[in-house]
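J.: any chance you can model this:
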Amino acid sequence: MGRVWGAKGGADDFWASFELAERLEDDRRFAELLALTDQLLAHGAAWTPAFGEHMGRVHRYRLVSLGELGRGPEAWAHFGVVLSQFLAAPQAGDSVRVLRQTMGDILLRLGHDGPAQELFALALADSRANASPADTVELESTIAAIEVNAGRYAEADRRLDALTSRLAIMQIAEEQRARLRALVLWMQVVVRNGQERFREAEQVGVAAVAACVAHEGPGGDVGRNARIARARALVELGRAYEAETECRLVLAHEIDVDEPAYAGQLCVLRTVLGRAFTVQRRHDQAVADLEAAVADGCRSLGAGDPLTLDAVLALMAARRARGGADDAGEVLRLLETAVREGEAGPDSGHPLVGAARERFGEAKFRVQAEAAGMAPVRPWRARVQPGLRPCWNCGGTIWHDHK
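T.: Sure, this is the predicted structure:
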């Protein structure tokens, strides 16, 4: 760590170490940062209020270190101990909001979106009363992201629309405005895709990609997500070759597959690319990409995650389009596992879980019917032709020509 507390000049040691902590966080040297916070917590009360703003930052460094080192339960335990003390401290300043927001970030990375959102909502209330507008819009955007991930598209849509209006007039740094605008536009594309408003999604996607490139360059993280989201809309609009082009632009930049967040991004990218290949009737390529997407999703997100479920559904459609009846049972078993895990997990209320459940029921019936030599039964709405309507007592044919 490069610093030893001396017997003299303790105040100098404390403030120098306090400044060092920020540099260690910036350099992602979290083991050293954790050890340094132990020293700061042991000696800091002699030089600054034990539950004042400076020590609040020290506790934040400790939470960040524990979270980044994979010691989430310890971070939660530490948070529970110190929060009540800061709540009762008259000199806590903004520490309560900062600690809640930090712990929320840790829970979010661990996949505990519900508890994270509760902490963010409390931090947002604190922020509106005491913090800067910049901190408030950051929290709002994080809550919107949780709503998007949970498939609560109507809530996210309202929040993102409000954020768009506020960003246009809010007095914040232009760099932050540009970053948040790019983030909000990307999430609006995802929301419109989720609501099947694909034409709007594609149009917003053009603006989202432009905003991301202007802010972070052509290979930025948010920009990749924006391109993928626009590509999904393009596929649904039948513009599969344009969707493939967007995906190729994403692949032109390196994605760190060892980073869990980027592995999830790779799952979505391969799912969209596989859907595009299916529309183009390049069935072998579609199946290969979608099998890889499912593997990425299962490894990085879990079989029951909505993004993995979406990949499984796309794979099922691609294999059926290829005419691979020989592997229908394998895909059905894969879908059954994914649906079971999705219903048992934290995303059980996500629209994609419900859609996968419905598709599993349809696919299971179809496989059983085909195994028995029966013609697969489609919903009657899909069979209606002009001039025909159901006739329930017409012998072997239920359709009767009424022209």
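J.: low pLDDT regions in this protein?
T.: Along the chain, the model assigns pLDDT under 70 to residues 1-12, 45-47, 131, 256-263, 324-328, 367, 369-403.
J.: spatially central residue for it, please.
T.: The chain has residue 149 as the residue nearest its centroid, 4.8 Å off, counting by CA atoms, centre = their mean.
J.: does that residue touch residue 113 like I think?
T.: Yes - Residue 149 lies in contact with residue 113 (CB atoms under 8 Å); the separation is 6.3 Å. In this view, the C-beta of every residue, glycine as well, is placed from N, C-alpha and C.
J.: which residues touch residue 317?
T.: 275, 278 (CB atoms under 8 Å, 6 or more residues apart in numbering).
J.: how is the chain partitioned into domains?
T.: Annotated domains of the chain cover 9-131, 147-237, 255-345+357-370 [automatic domain parsing].
J.: now name the helix or strand holding residue 119.
T.: Assigned by DSSP states H and E, residue 119 belongs to helix 113-130.
J.: now swap in residue 347 and tell me
T.: Using DSSP H and E, residue 347 is not contained in any helix or strand.
J.: how about it, nearest residue that isn't a chain neighbour?
T.: Excluding the flanking residues, the one nearest residue 347 by CB to CB, 6 or more residues apart in numbering is residue 306, at 5.4 Å.
J.: the one you found contacts residue 352, correct?
T.: Yes - when contacts are counted by CB under 8 Å, residue 306 is listed as touching residue 352 (4.0 Å).
J.: got a list of what the residue nearest to residue 347 touches?
T.: Counting by CB under 8 Å, 6+ apart, residue 306 touches 151, 342, 347, 350, 352-353.
J.: one more: residue 116?
T.: Going by CB under 8 Å, 6+ apart, residue 116 touches 104-105, 107-108, 146.
J.: likewise for residue 173?
T.: Residues in contact with residue 173 (CB under 8 Å, 6+ apart) are residue 134.
J.: separation between it and residue 133?
T.: 11 Å (CB to CB, to the nearest Å).
J.: same check on residue 26?
T.: Distance of residue 26 to residue 133, given as CB to CB: 25 Å.
J.: which of these two has more neighbours?
T.: residue 133 (15 against 8; other CB atoms under 10 Å).
J.: just to check, that one is in contact with residue 170?
T.: Yes - applying CB under 8 Å, one finds residue 133 in contact with residue 170, separated by 5.3 Å.
J.: would JSON lines of the contacts of residue 306 with neighbour count and distance to residue 292 be doable?
T.: Formatted as JSON lines, these follow (neighbours: other CB atoms under 10 Å; distance: CB to CB, whole Å):
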{"residue": "151", "neighbour count": "18", "distance to residue 292": "24"}
{"residue": "342", "neighbour count": "25", "distance to residue 292": "20"}
{"residue": "347", "neighbour count": "24", "distance to residue 292": "22"}
{"residue": "350", "neighbour count": "22", "distance to residue 292": "23"}
{"residue": "352", "neighbour count": "18", "distance to residue 292": "19"}
{"residue": "353", "neighbour count": "22", "distance to residue 292": "22"}
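J.: of those residues, closest to residue 319?
T.: Comparing the contacts of residue 306 against residue 319 with CB to CB places residue 352 closest, at 19.0 Å.
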